[in-house]
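> I need the structure of the sequence given here:
(one chain, ligands or ions: 2)
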Amino acid sequence: METTSRCSPNDHQNDHLVIIGNGMASHRLIEGLVKQPTRPQRITVIGAEPTPAYNRILLSPLLAGEMQQDALTLRDTAWYAEQGVNLILGEKVETLDRASQTLTTNSGRSLDYDHLVIATGSRPALPDVPGIELEGVHGFRDLQDAEALEAIAQRGGDAVVIGGGLLGLEAAEGLRKRGNGINVSVLQRSERLMNRQLDTTAAHLLKDTLTQRGLNIITGAQLERLESDARGRVAKVHLADGLQLNASSVIVAAGITPNAELGRQAGLRTDRAIVVDEWLTTSDPAVSALGECCQFEGTTYGLVEPIWRQVEVLAATLCGTHTQGYADTPSATKLKISGVALYAFGPTEASAEHEVLNYHDLERGDYRRLLLRDGQIEGAVLYGDTSQGPWYFEQALAGTDLNAYRQALLFGGADVEVLREAASLHSPDSSELSSKQSSSKHSSHTTSEAA
Ligand SMILES: Cc1cc2nc3c(=O)[nH]c(=O)nc-3n(C[C@H](O)[C@H](O)[C@H](O)COP(=O)(O)OP(=O)(O)OC[C@H]3O[C@@H](n4cnc5c(N)ncnc54)[C@H](O)[C@@H]3O)c2cc1C
Ligand SMILES: NC(=O)c1ccc[n+]([C@@H]2O[C@H](COP(=O)([O-])OP(=O)(O)OC[C@H]3O[C@@H](n4cnc5c(N)ncnc54)[C@H](OP(=O)(O)O)[C@@H]3O)[C@@H](O)[C@H]2O)c1
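Ligands and ions are numbered 1, 2, ... in the order given. As a prediction, the model looks like this:
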């Protein structure tokens, strides 16, 4: 397998680089390219949204009223012009002809490219139930959606959010917080919230907190159909167990579908998304793809951290710099709801090979669970005090063998360091002494069990 990029410096400097999509991946790629002396001189970016790329992550605090729209701006249109980047906004690329290396937009514009980057992101996945196309059913993906949700919050009534993952919960809490006497229900198919990130205990803690704030959370909900009123607007949500919920609005947050259609129509290799290699090259060497529209070794993406690493590889490649290719590593997630601290990575369920370390302070609502395999952290769920989350994540990525410090592990880096230092003094009983101090400090709250 190759370990360096295939471009050599200046290969592409006079080429016309065209980027489809002006979202988070596209923007970061442009930032990376324009810093390089060997950047492609002609860059055109075509984005379907009417505004230049913004920080999509901040749509949740924007909806919750915790932030102004200005704060989402990454760069204004003038910046693109100053960088010599031709920015075309409000146009959607509709066709791609790889033989002639041209594309056309919905306004009839035609463009030639030497190298193309597809960075079209993804869209809300729509559950396959009758009524899902009704008026009053929304996704939560872009600024327009955020505006629509804000209007829903202001109007009040009954909002039903389908999906109790990161997006559904941030949308539901944003609506409630921003709302004007709005009743917000969350329908989660699984028996627990954030079933892809949390274990049962953390999911219950989260459900209790959000219920106390006023959200109506229904887990184990099997969506059957949406019913309209006489004007064709959504009015009710029906579940398979016969439960009916009034719904003046429905917000769908049930996962994402990669926008891979352009690649598919153009005959690029696709699966769930556009298939790329470790340099983000598709099955056509003149076309790259990155972000949520691409798939690498069977994985598709929904968080920015791996996308930032893809961007680094692609920016270097497009500037002719030799680079290690992209490789997947685990990602950690945080829920962006004010007053709820939650940090998780790795598997949600312990397998037979995992050792499970638990800490639960019921009074303070503080919960930590670590999954260890052969002394290395493989997964963590932290609820309440999440300050040690990044340290656990670092240890997991580094594959540090923490077996010698396992009795202090639940209390994080500082306690482990005490043990490490004690051990490094080479005193025969120093490690034992430190571990006793550490565990006596916390033992009343700690349970440790093997899976
Ligand atoms: C509300 C919300 C909160 C989030 N919070 C977090 C978070 O806290 N942490 C985290 O890691 N991730 C978060 N995410 C996910 C993160 O925003 C995405 O992973 C990231 O935006 C993906 O970048 P992208 O460029 O691949 O796609 P996008 O940012 O979606 O950009 C794709 C762009 O391409 C445009 N486009 C699509 N098709 C065409 C076409 N044919 N022609 C022209 N343009 C086209 C789209 O309109 C869009 O502007 C959140 C997402 C949402 C919606
Ligand atoms: N803070 C953050 O990091 C953050 C915030 C917002 C968004 N995002 C990202 O944005 C993307 C979209 O978020 P998301 O929460 O929509 O996706 P997600 O993480 O895939 O979660 C979707 C949830 O909805 C459930 N669901 C699916 N179909 C359903 C149905 N018919 N009825 C009820 N529940 C259903 C899923 O359950 P099943 O497992 O049973 O399918 C899952 O729990 C994700 O990639 C996410 O990582 C991240």
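> so which residues on the stretch 1-150 of the chain come close to ligand 1?
With Cβ under 6 Å from any ligand atom as the criterion, the stretch 1-150 of the chain meets ligand 1 at residues 20-26, 46-49, 56-57, 59-60, 92-93, 119-121, 140-141. From N, CA and C alone the C-beta is placed, and that goes for glycine too.
> quick check: domain ranges of this protein?
Using automatic domain parsing, the domain parsing of the chain gives 16-122+257-318, 137-254, 333-426.
> distance check, the closest residue to ligand 2 within the stretch 301-450 of the chain against ligand 1.
Residue nearest to ligand 2 within the stretch 301-450 of the chain: Gly302 (2.0 Å; Cβ to the nearest ligand atom). Using Cβ to the nearest ligand atom, to the nearest Å, we find Gly302 at a distance of 6 Å from ligand 1.
> just give me the neighbour total for that residue.
Gly302 has 17 neighbouring residues, counting by other Cβ atoms under 10 Å.
> how about it: what's its closest non-neighbour residue?
Leaving aside its chain neighbours, Gly302 sits nearest to Ile256 (5.9 Å; criterion: Cβ to Cβ, 6 or more residues apart in numbering).
> I'd guessed that neighbour sits against Pro124; true?
Yes: Ile256 is in contact with Pro124 according to Cβ atoms under 8 Å; the separation is 6.4 Å.
> check contacts around the residue nearest to Arg56 when sequence neighbours are not counted.
Nearest residue to Arg56, sequence neighbours excluded (Cβ to Cβ, 6+ apart): Met24, at 5.5 Å. Met24 makes contacts with Ala53, Asn55, Arg56, Ile57, Gly121, Gly291, Val304, Ile307, as judged by Cβ atoms under 8 Å, 6 or more residues apart in numbering.
> the stretch 251-400 of the chain: strands as residue ranges?
Taking DSSP state E, counting those that start in this stretch, the strands of the stretch 251-400 of the chain run over residues 256-258, 274-276, 287-289, 294-296, 332-334, 342-345, 355-361, 366-373, 376-383.
> right, so the ones you listed: which one is the most enclosed?
Comparing those by mean neighbour count (mean count of other Cβ atoms under 10 Å), strand 287-289 ranks first with a mean of 28.
> nearest residue to Thr105 other than its sequence neighbours?
Take Thr105 and drop its neighbours on the chain: the residue closest to it by Cβ to Cβ, 6+ apart is Glu91, 4.1 Å away.
> so that neighbour: helix, strand or coil?
For Glu91, the secondary-structure state derived from DSSP: H, G, I helix; E, B strand; the rest coil is coil.
> Pro52 is in contact with Ala78, isn't it?
No: judged on Cβ under 8 Å, Pro52 makes no contact with Ala78 at a distance of 9.7 Å.
> joint contacts of the two?
Counting by Cβ under 8 Å, 6+ apart, nothing touches both Pro52 and Ala78.
> now do whichever residue of the stretch 51-200 of the chain sits closest to ligand 1 against Arg141, distance only.
Per Cβ to the nearest ligand atom, Gly121 is where the stretch 51-200 of the chain lies closest to ligand 1, at 2.5 Å. In this view, Gly121 and Arg141 are 8 Å apart by Cβ to Cβ, to the nearest Å.
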